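Q: I would like the atomic coordinates for the input below:
(one chain, ligands or ions: 2)
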Amino acid sequence: MRKILWAPTLLSGHLSTLPQDLKTFEEKAVDYLHVDVMDGHFVPNYALGTGFIRDLRDMCSLPLDIHLMIEKPDLNLDRFDIRPGDIVSVHIESTPHIVRALEHIRALGAKAFAALCPGTPAEALLPLAPFLDGALCMSVNPGFPGQKILPGAEEHIADIRAVLDRMGLPDAVLEVDGNVSFDNVARLIRAGANMFVGGSGSLFHAGGSVADNIDCARAAAGAAD
Ligand code: DX5
Ligand code: ZN
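A: Ligands and ions are numbered 1, 2, ... in the order given. Alright, predicted model coming up:
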């Protein structure tokens, strides 16, 4: 059984409660903080940026899981405060120089993940074996929190896990982003995922406190055993 990792997405929280939410995430020892960066080009929305990440470092000691939804990330990686132990995901669809981007991320001491939009076949990962620490599977169209998981997401996860195995990377992390919920997380684990972005369907679920939601999410994931 692979270790299950959780990364709350700060986009789904509210700025007014951010300091206490961060304290809870530290106390509960969540694995990473997911930071969505959007440039209004690669995705039709704008979100979080270099200044937000810099300030976050002063507020919380947890490692970051930086999800770059920007065009040509390879040209701008040095603008971000990327630190050893972070995860940085770059979209396969966002640059012809995905290998350069992955190499650069590793050179900064971070873990290099390739992200796949729902329409990108798992086989697109095949040439990336020497450069990858993990993959991020989008289970909604990237750009907005609070969407419904797409049909076919579980099959996509299973395909990506099979391709990672074929590439000789059985220990690679497979992260799922988009409407991961208390209800679907066990199925996503059975499909082959082991890291989850916690948003409106789980860690920021409106029905509970962040602390209770973390317990519920861990219990729901445990039901996959
Ligand atoms: C969407 C972002 C996600 C999003 C997830 O493009 O990448 O991280 O915030 O939020 P939920 O889980 O609410 O869909
Ligand atoms: Zn994300």
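Q: mind listing the helices for the protein?
A: Along the chain, counting by DSSP state H, helices occupy 18-27, 50-59, 98-107, 153-166, 185-191, 210-222.
Q: now tell me what touches the third one from outside.
A: Put plainly, it is helix 98-107. Applying Cβ atoms under 8 Å, 6 or more residues apart in numbering, the contact partners of helix 98-107 are 73-74, 77, 82, 88, 90, 92, 95, 111-112, 114, 127-128, 131-133. Every residue, glycine included, has its C-beta placed from N, CA and C.
Q: residues contacting the closest residue to ligand 2 within the chain?
A: At 3.7 Å from ligand 2, His67 is the closest residue in the chain, using Cβ to the ion. Counting by Cβ under 8 Å, 6+ apart, His67 touches 34-37, 89, 115, 136, 177, 197.
Q: which of these fall within strands?
A: In strands, judged by DSSP state E, the following of those are found: 34-37, 89, 115, 136, 177, 197.
Q: return only those of those found close to ligand 1.
A: 34, 36, 177, 197 (Cβ under 6 Å from any ligand atom).
Q: about what we covered before: dump the helices of the chain into TSV; add distance to ligand 1 and mean pLDDT as well.
A: Listed next are these as TSV, based on distance: least, Cβ to the nearest ligand atom, whole Å; pLDDT from 0 to 100:
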stretch	distance to ligand 1	mean pLDDT
helix 18-27	14	98
helix 50-59	14	97
helix 98-107	17	98
helix 153-166	12	98
helix 185-191	11	98
helix 210-222	11	97
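Q: redo these as CSV? Include distance to ligand 2 and mean neighbour count.
A: Shown next, in CSV, are the helices of the chain (distance: least, Cβ to the ion, whole Å; neighbours: other Cβ atoms under 10 Å):
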stretch, distance to ligand 2, mean neighbour count
helix 18-27, 16, 16
helix 50-59, 14, 13
helix 98-107, 16, 19
helix 153-166, 14, 19
helix 185-191, 15, 20
helix 210-222, 16, 17
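Q: out of these, flag the one nearest Met1.
A: Set against Met1 and scored by Cβ to Cβ, the helices of the chain come closest in helix 185-191, at 8.9 Å.
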